Structures are given as C-alpha cells and as structure tokens.
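Visitor: would you be able to build a 3D model of this:
(chains A and B)
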Amino acid sequence: MKSSHELNGHSIRSWRGCWSTCLKNLAMLISKFCRPAAGSVFFVLFYLYIWLEIEPCLLYHGGGWFNRFPVFFTDWWFFRKFLSYPGGLLEYLCSFLSQFFYCSWAGGLVVTLQAWLIYLCTNYYIKAIGAYRLRFIRFIGPLFLLAAYSQYIYLFPTTMAFLAALIFSCVYLKTTSKSKMSGPIYFLIFSIILYVAAGGAYLLFGVLCVIYEFFFRGRHRTGFLYLVLAAGIPYLIGALIFGQRLFDAFTELLPVPWKSIGYEASPKKMIGEMLYGLYLSLPLIGLVVGLWRVLTGRGTLSSQKAAESSSQSSRGEKKPNVKSAKPDSSYPGSAIAKWRIGSIALFLFTGAVISFWHNSQNKCLLAVVYYDWQKKWPQVLAAARRYRYGNSLTQRSCFITHSVNHALYHTGRLGYEMFSYPQHLPALFMTIPERTQSETILWKIVDSHIDLGLINVAENAMTEAIQLSKHPLLFKRLALISMAKANYGAARVYLGALSRTLFYSHWANKYLDLLETDPNRLSEDEDIRGLRRIMLRNEFAYSEVKYEKLLLQLLAENRQNQMAFEYLMALYLMSRHLDKFSENLYRLKDFGYTQIPRHYEEAILLYRAMIGKQVVLHGFSISADSINRFKEFSRDYRLYKQYRQAVYGRLAEKHGDSYYFYYFYNRSGMKK
Amino acid sequence: MRTRCRNLFRLVLLVILAAAAWCVFDHRDGPIERYVSVERSIKIWPDYSGTVIPPNIAPLNFLIKESGGRYCVKIYSKDGRVIEVFSKTGSIIIPAGRWHQLLNMNRGRELYFDIFVKTQNSRWSRFPTITNKIASEDIDNFLVYRKIYPGHSKWGQMGIYQRNLETCDESAILENRFFENGCVNCHSFRRNLPDKMLIDIRSTKYGVSALLIESETITKIGRKLGFTTWHPSGRLIVCSINKPRLFFHSSRSYVQDILEVDSGLIYYMLDSRTMETSPSICKKDRLETFPEWSPDGRWLYFSSAPKWWKDENEIKHDKIMYDLVRVSYDVNTGQWGPVETVLSAAETGLSIIQPRVSPDGRWLLACMCTYGTWVTHNMTSDLYMIDIEAAKRTGRYEYRRLDINSDRSESWHSWSSNSRWIVFSSKMDYDIFTKPYFSYIDNEGRVYKPLLLPQKDPRFYDFCLDSFLVPEFITAPVSKTSEKLARIVRGRETLTVEMPVTMATPVTGKSFGTKDKELWRE
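Guide: As a prediction, the model looks like this:
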C-alpha cells in the first residue's frame, strides 16, 4: 500500500506531467495559431491605419503635389504605350491599381495586399536560405510602406517592381527545388518575362537567384551563368530589342532618383535611402548568410540536407519532419515568451515607425486640397485649422490660405473671418514667384478662378498642368469649360478621355450623349449655365494677369458676381488700398447684404480715422460691436505704441483676428 | 502528369472550338436582300464622303453614328470584289488587303459605300450611297509630324513620329523621353526625301541644338535653327531666328497666343559649316520668318512685317501684319537679289504666313489671318492659294481662299512630291487639338474636301489628347531610330557655329555672304 506521501508525490508528478503537457500543447497551439494570428493582427492594423489615418484618397486627389500620380484609361491605345518599353506592363498594372486610391478603403486594401505579399515572399526567401533567426526581416517591407505612406510619398510603381522581383524569385526557388537541370531554363524564361514586365527590377531577381544558386545550392557554374544572364538580358532585350538607352535598360522602375523617387520632389526622413535599403536588404542578407555558411564550414543547404538524409538512412531512422529543422524551442514557456517578446517588439517598432514618419502637416495640406476639390468647405476650414503655419511665407502656407479664402467665400464668411486665418496677399490669387513654374500652383488656382469667372486663366493653368499629369479631375474641369465656351470639339476629346477612366465614365457619357444629340440642351445644365453666367466675355490680350482689372471687368459684366466682389474687396484690404475699398462699398447692395461684414467695418473705421472724414456707407451702418472693438484697439495701440515689440504678443492675443492687426503688423490669425 | 496534360490539351481545344463557333455563328450575316430605303444621308465619322481619296491610303475606317443593333457596309467600285463589313457597334474596320486591292484596280474611278443599319425592329435600313473618287495619283507614303499636348510653358511627353499612310503604323523618329523630356520641335526635309532632315532640340540638361541628318551622318549643331527650308541643291539651309513672346486672351476660345518681337533669316552652308546672312533677308526694321525655297532654288519666299515700334512695350499684337515677299538667289555665286513684294498685307488686309510652293512650282499655298505669325493659335487663319504660273503671265499674284477652310485655324500645310496632295493642320473638328487633314488638288488648282488622317480605330481622335503639328510628306521612312538620334542629342560632340546676327542685328565684324557686304552698307 502506498503511503499518502507517495500518493501525493505521484499525484504531484502526474499533475506536473499534465501541466507540462498542457503547456507544450499550448505552445504548439500558440506556434500554430498565434504566430499567423500576430501577422494577421499586424496586417489588420496596417489596413486600418492606411485606410483611416493615411486615407489614400488624399494621394489620389492630391492634385499638384503628386504630379505623376498615374492616370489609367481603359482603351487599347493607352495600353499599347506601355508595351513599348521594358517595365511598361508593371507600370500599367500600377496605374490601374493606383486608381483604387480614389476610395480610401479600396486604396488601403491595395497597399495592404502589396505589403502582405512582400511579407510572404520575404519570409519564403528567408526560410529558403535557412536564416530562421532573421525572420523579423519579413516585416521590413511592410514597415517601409508604412513609413513612406505616413510621409505621403507615392512610391507604388517602385515598390511593386520590388514585389514582382520577389514573387518571381520565390516561384523560381519553388519550381527548381527538385530538378537540377530545369533551373537554367526556368531562370531564362522567368528572366525574360520579368524583364519585359518589370524592367530593371529584374536585376533584383537575378541577384537573389545568383546568390541562392551560388551559396545555398552550391551550383557555382549555374550561379556564374545566371550572373552573365542577369547582366546580359537588360542589354539584349532593353537596349537591342526595345531600343532603350543603356542606362534606362538597366534602371527602369528601379529607385533611381530622377525616375521613381521623383514622385515626391524631395522625400524626407531618409525615405529615399530606405528604399535603396529595401532593395538591397535581401541580397545582403543572402550574401551574409551564404558567406557565414561558407566560413563556418556548414556548406550548402543541399549538402546539409544530403548529409542529414544519408545519416538518417544509415541509422534506419524515419525521415524527419521538415518543420523539425526549424530551431523551434521545445520549451513551451520559452516559446510563449519569445512570441510575446517578438510581438511586443513588432508592435512597439511599428508604433515607433509611425510616430517618427507620420507627417501630419502633409496630411493637413492634402486634406485641404481634397476637400477643396470636393467642395466640402467646412472640412477645408477644419483641416486648415490643424495646419501649423510657420513664420515665413511658403508655397504651402499660401496654398492653404488660398483654399481657406475659397472656403470662407463659399460659407459666406470671407468678409467676417478671413483675418482669423494667416493671410498673405500673394495667397489670394497665388501670385507667388513660382506661379508659372509650379504645377502645384497651376492646379491650385483652377477652381477658385473658375468660380470667379476667370475661365481662360483657369483653362490656361490646366492646359499647362495637364502636361505632366493627365488627371481626370483636370479633364472634368476642362470638359466643363470647353462646353461652356461652346468648344464642343475639345469638350468631346476631354469627355472621350474621361469616358475611358474608371470612375468618371458615367459623368462623361452623360455629356457625350448631350453633345451628340443636341448641344443646345447643354444650356439647361446647371454647371454649364452657371459658368456661362459668370465667365468673362470681354476680349483683351494680356501678358501678365492683373487681378484688379479682371475683377472689375467681371463686375462690370455681371453685377451679381459676388465672388468677384468679395475677392476685389479682399484684394483692396490686403493691399491696404482703403480708398479703392471705400469706393466699392456701394456694391454691397447688389448682393443683399443686410449689414456690413465685420472686416469691412474695421477697414471703414480705420480709414475714417486715418483720413479724418466720413466714408459713404450707402445706407448701411457700423455695428456697435465694431465701434467698441475699434475703440479698444485704438486705446491699446496708442497706449502701447512706443513699446510696440513689447506689447506685440498682447495685441496679437486680443486683436490678432482683426483687420487692424493685419494693417499694422502684416500678420493675421494670431488670436488664440 | 500525362493525364493532366491531356486534360489541359482537351480544355484548350474545347475553348478554341467554342471561340471558332462563336466567330462563325456570330458573323453569319448573309446578304441583305430586304431593306427599307432611307432618304436622309447617314452620319458617319470621320466624314469620308464626297471627296477624292488617295489610291494608296490606309483603310478609311469610320464610325456609323446612327442608332442600331447591327451595321453593314458594302464597299465597291467598277472592278474588283465587293468588300462587306459587318459591325455590332457601328465601328467599321475595313480589311486592309482587300481595300488596297480594290483601290488599286479602280484608280480614277468612283468608290461607293452602301450602308445598312439594322434597327431595333430587326429590319435593315439602307441609307443613300456615299460616293468618293479614287485619285489616279498616289499620296506620298509617309507623313511626319510632331505630337504634343497643347500647351506652352510646360510639356510632358512629345515626339516626332512617322506614319505610314498605306497602313496605320506609326513609329517614333525621336521621342523626348530619350533625353529626359526635353523639347523636340520643328522638323524639315529636303524635297520630301528622308535622307536630309533637320530637327530642333531644347533641353535643360543637353542644351539647345539642331540635329542635321545627312544620309548616315548626324551632326549636332549647337543652336536652334527655327523654321527652316532646304535649298533644293542641298547646299544650304535657310532658317529663322525668332524672339517670341507669349501672351493670353481674356475670353477667346484659344487662350494662348504668341507674337514675334524680333526675327530674321540666316542660312547655314553645309559645305563650309558656317552661318551667314544677307541684308535682303535680315533687315533691322523688319521681321522676317517662314522661309520657303521655290523648287528651282532661284527664289526664296518668306513672310516679312515692318517693325514699327521703338520700344517692345509698345507692341500691339494685332497691328503686326506680314507681307509675302521673295528674293532671288544664285546658288553658284551666292548672290542674293533685292526683296520683291509678292503680296502685301495692305492689299489682302490679312497677315500672310507660311508660304509653301508646290514641287512642280505652279502653286503657292499660304496662311492668312487677321494678325501676326502664330497661325496655329489664331482661329482666323485660313489657307489661300496663289497661281505662280498665272502670275508670271499676268504680273499679278491673284490669291483665293480655299473652300476647305473652316471657322477654326488651318495652318502648317505641306505638299506631296507629285504636287497633287496637300496635308495641313486644322482645328476644324477638335478646337484646340490640331489634327492632320489631306486634300486633293487637281490640275486646275481645285481643292477637294479634306480627309482626316485615317486611324485603325475610328474613335481614336475622340479621345486623343495630342495635337499633330507640322505634318510633312516624305516618300520613304526615316531610318534612324529614336535612340540613335537621342544618343547624338545626349552626346558632347557639338558643332559650334558662330552667328552672324544677334536677333535681327548684325554682329560687328561678322561676315555676311561675301557678295552682300556692300549691299548691307547701302
């Protein structure tokens, strides 16, 4: 009979055994489900981040900031262009997939799918070279994409070329794993296909295969053969058959600065360098692991496998499970801990990547652009409020201010709130020195000028902008303008092009039908009627746009052009031409104002104080609030006049949203 | 494995058979015997009706713009088999082989298009027959043009292309993507032959230059040559130096416009590789541009306008009017004669631009517009014809406006080598997008309804965003590849030529043509 102590000891041992088995099972479960689950969680979060935070639609609609954002037409002629050079097919595919950026959720899916495929292929290659401990490398691609998209840099074609090279490498490794002889044939076939489809990115495939054959399969002659082929195929196909220049034949779609990285003029925070790193990561790892195996005498993977199988067969052992070759821990606690640490490290690192590379300024800017195109005025103002204006006048701050004024006009607040935002005179019409040079500005002035009635100025800007970016947004506006001007031939071309896009064909076909059946019915269309009502009709030639003259002409032709009036008054206010401002106050009656807008009142009071006589108010009166505020400002200003710099902050805090402050300090939007 | 292959093979075979069956049954339309005749004429696009067509032109594919479920076109002439084309969409794509056979057998005869449309009630309607005439004379086989999206300050992709007019094949002579998106523009040939050619290049990276192609030799001249004309002997090229200024219109249909602030003519001697000029063609007080040699090489025609302003800010673009003038030239002695006015702007009330003389020397075709020189942008620009032979007899250059003009701009015309065809750029159908049109000219100088350059897809122009500029006929293709030419553009080897003038002002101490020194002093 066993003693209770023995029984207890036995039960404890059995409990321990049970516990240990449970833990082992748990570890297996974790390794079976949690690891992929960690990846899945990562990609679900990746998708949500791209969709909800990055919002790919901002890239699609980022008119002017992404001049080479690809356009896609569904016709054969468009496709044919891509057949004329190596890498064209992949560019065509990228053009197609990029169109899904139109909707954030769809664009997010495309980016996530791309990241996931990069992850899978990298993982496959890492496993193939036996570098299990370096499996974290598989997250480098997705993390790079996160960083790039957080910076709002469009590198889709280059990263797709990278992905194409990885996919082909994996397929090559898979198909040639069993047969020794078929390797070169497959390599040649894959090389030709990949080079024609993805251009210079083929070199990555070539290098990965060379490294694998040389170091991991120990086929040195095959490796050399591949090396020669990898160097020769771009020359033979690219330079000789496609007639490419030699440099292009080797670099098409590779991250060569003036080609691929050119999608953003100057990628910040080392994104460009990181792209090179991404391309070089796998070859370098392959090379290092291969050299390590050589130097440590481990030989090739094939020799290792052969040795293992021969020793097993000599001992009469059963063929081991391939998975057992993995350096997986048999200690459950250690596996869980490793998994936990790995997962935590991954998510911490991802968080660090996002927090370091996330560019909220770029996001604000693109959001302003997007909502401006969409005519969502309150959202324009909300996005602009999040933007951190610097102290100096930049193209970006002008860009935002221009949109803010546009939105303020459309919400009826221009005369009331324009000085609540930072204002610069050049931002009103984007009359900054780069105007004729910058595609961004050419894009920017389109909608505001169309709304003003300066159709030809807008058309000219679009005609120049479209040289670099044949974006449907521009086609749509050009089609409308052409129809408004009764240039039906040109309208047919723009609509014809639009009818071959993915998201605007319905809109275009509607107008094409109208043009075909009865162009006179276009005058019933609200948009066209609106354009015809406001557009400038008087013909004169000019070599430089003089806005005062144009706005006065617009008002002379159409007294009801309220936007022309408000912009004219804004121009006078910002250029401090208060005499001209006062002369045009009579026009207030044309637009049904019941009271004088706040900033106009401020200007009137200021002007009255300066010239010392009354300003004709044409039946309007100044509100008591404005008079009080003016008195307050005068008192503060007079009181602190001699200590201007010292009291600047206080004045800004109290009157930073007033015309007075702008008038004296040339700054606005200072009130907290 | 073998079974899988066999199954795969079976599947492929099945798909092929199904496709073949679909093709057979889908196109089983037999002869149309019962139909209803419709009186009104049918709408087709492009409008290939009632005109003269070249016997060697590519199939004139067109689109039937009538609603229907099925379309049929029968094309026939006196000899040869009838071509029947069926379509579900109205897009009529004519088989090229049979088309060429039919046209070749019936030169000088009528060509008929019987068009049938099957309406919703499954009845065929027959529209009145479209009749064209097949010319006896061929059109030159190739057309060279520049394709670019309309614009000025900026450009994206552009290039100079050659189009085989017998087929729809187009190939690039030089595309700007080969030299980092520089600008490639004005091209010219000697007497419709591709062996001697000039192309101007502008590139921020590779500079401003002109490519001079002489058979197998390509020379990069280190400056732009503007509008050029080859002397028929091939010994010299007259070119223009221009100082254009961009301006805009506040409400006109075409926004951009250009005026010449200064211009003059110079010439490049191919044997001595020097630039020279003469006071006859480069006066201080005049703007000279658009030179054109007569086929015998004895006369140089060009446009010339008085430079009436002292300060460039005084210039009023609509007050610049060009006369058509000419000077004689002796290629053996290098002697230039005095300027003779052929037709003055005062007489026509219009500015006369871009004179082009037919290779047989009989006709001179020019643009006339309300002002200035930049006819592509001026919607008033029309083509006018002058009978030079008649002028020799009467001493008076009579001009007439051609019926082929539209209310849009017609410009950049060129003659075929047999003087029977002209090609010109027009905005008649697509406003700001210039497209190439052909017209036949008979012995009497009658010009027939223009034909839009045919394309494989008749809808092509409805979404084509390119303007086709400076269309020039050549009789054979240019054999140089884009990359070969681009390598020269990118190369460092440049022929430096000293300019005899800085704009229209002679450079101190620089040589004019030796014979002209005295003339200049006068």
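
Visitor: so A:Ile450 sits in a helix?
Guide: Yes. The assignment for A:Ile450 is a helix, going by DSSP: H, G, I helix; E, B strand; the rest coil.

Visitor: helices of the stretch 351-500 of chain A, start to end?
Guide: Listed in chain order, the helices of the stretch 351-500 of chain A (DSSP state H, counting those that start in this stretch) span A:360-374, A:377-386, A:395-410, A:414-417, A:425-429, A:439-452, A:455-465, A:472-484, A:488-498.

Visitor: and those helices: which comes nearest A:Arg537?
Guide: Closest to A:Arg537 of those is helix A:455-465 (CB to CB; 9.8 Å). For every residue, glycine as well, the C-beta is placed using N, CA and C.

Visitor: list the buried residues of the closest one.
Guide: Under the neighbour-count criterion of 16 or more other CB atoms under 10 Å in any protein chain shown, helix A:455-465 has A:Ile455, A:Asn456, A:Val457, A:Ala458, A:Glu459, A:Asn460, A:Ala461, A:Met462, A:Thr463, A:Glu464, A:Ala465 buried.

Visitor: with stretch B:388-401 instead?
Guide: B:Ile388, B:Ala391, B:Tyr397, B:Tyr399.

Visitor: could these go into CSV alongside distance to chain A and pLDDT?
Guide: Below are the buried residues of stretch B:388-401 laid out as CSV (distance: CB to the nearest CB, whole Å; pLDDT from 0 to 100):
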residue, distance to chain A, pLDDT
B:Ile388, 34, 94
B:Ala391, 36, 93
B:Tyr397, 31, 93
B:Tyr399, 28, 96
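
Visitor: give me the mean pLDDT for stretch B:67-75.
Guide: In this model, stretch B:67-75 has an average pLDDT of 93.

Visitor: so is it next to chain A?
Guide: No. Stretch B:67-75 lies out of reach of chain A by CB under 8 Å from any CB of the partner chain, never closer than 10.3 Å.

Visitor: how far off centre is that stretch?
Guide: Offset of stretch B:67-75 from its chain centre (CA atoms, centre = their mean, to the nearest Å): 32 Å.

Visitor: what's the answer for stretch B:402-413, then?
Guide: For stretch B:402-413, the distance to the chain centre is 12 Å (CA atoms, centre = their mean).

Visitor: wouldn't A:Tyr235 be in contact with A:Leu246 here?
Guide: Yes. At 7.0 Å, A:Tyr235 counts as touching A:Leu246 under the criterion of CB atoms under 8 Å.

Visitor: what do these two both touch?
Guide: Residues touching both A:Tyr235 and A:Leu246 (CB atoms under 8 Å, 6 or more residues apart in numbering or on different chains): there are none.

Visitor: any regions of chain A where pLDDT drops low?
Guide: For chain A, applying pLDDT under 70 flags the ranges A:1-37, A:64, A:66-67, A:179-180, A:257-269, A:299-336, A:434-437, A:641-646, A:672.

Visitor: mind listing the strands in it by residue range?
Guide: A:541-542 (DSSP state E).

Visitor: burial count for the closest residue to A:Phe82 other than its chain neighbours?
Guide: Nearest residue to A:Phe82, sequence neighbours excluded (CB to CB, 6 or more residues apart in numbering or on different chains): A:Gly88, at 3.4 Å. Residues near A:Gly88, counting by other CB atoms under 10 Å in any protein chain shown, number 21.

Visitor: ok, A:Gly88 - contacts?
Guide: Contact analysis of A:Gly88 by CB under 8 Å, 6+ apart lists A:Lys81, A:Phe82, A:Gly199.

Visitor: so where is the stretch 301-450 of chain B shaky, pLDDT-wise?
Guide: For the stretch 301-450 of chain B, no stretch is flagged by pLDDT under 70.

Visitor: what residues does it have near chain A?
Guide: Residues of the stretch 301-450 of chain B lying near chain A (CB under 8 Å from any CB): B:His317, B:Asp318, B:Lys427, B:Met428, B:Asp429, B:Tyr430, B:Asp431, B:Ile432, B:Phe433.

Visitor: assign the last one to helix, strand or coil.
Guide: Read it as B:Phe433. coil.

Visitor: how about the second one?
Guide: Per three-state DSSP, the secondary structure class of B:Asp318 is helix.

Visitor: that one contacts B:Thr370, correct?
Guide: Yes. Between B:Asp318 and B:Thr370 there is a contact at 6.9 Å, judged by CB under 8 Å.

Visitor: contacts for stretch B:115-129 next, please.
Guide: Stretch B:115-129 has contacts (CB under 8 Å, 6+ apart) with B:32, B:34-42, B:44, B:64, B:66-74, B:112-114, B:130.

Visitor: any idea of the mean pLDDT in it?
Guide: Stretch B:115-129 comes out at a mean pLDDT of 89.

Visitor: next up, the contacts around residue 76.
Guide: Since no chain was named, I'll use chain A. Contacts of A:Trp76 (CB under 8 Å, 6+ apart): B:Asp457.

Visitor: let's do chain B instead
Guide: The neighbourhood of B:Tyr76, defined by CB under 8 Å, 6+ apart, consists of B:Val82, B:Ile83, B:Leu102, B:Leu111, B:Tyr112, B:Asp114.

Visitor: determine which two of those residues are furthest apart.
Guide: Applying CB to CB across those, the maximum distance is between B:Leu102 and B:Asp114, 13.8 Å.

Visitor: could you look up the SS state of B:Pro59?
Guide: Criterion first, three-state DSSP; result for B:Pro59: coil.

Visitor: nearest residue to it in space, please, no chain neighbours.
Guide: Nearest non-adjacent residue to B:Pro59, counting by CB to CB, 6+ apart: B:Ile94, 3.7 Å away.

Visitor: check for me that the one you found belongs to a strand.
Guide: No. If the criterion is three-state DSSP, then B:Ile94 is coil and not within a strand.

Visitor: make sure it is actually in contact with B:Val85.
Guide: Yes. With contact defined as CB under 8 Å, B:Ile94 counts as touching B:Val85 (5.9 Å).
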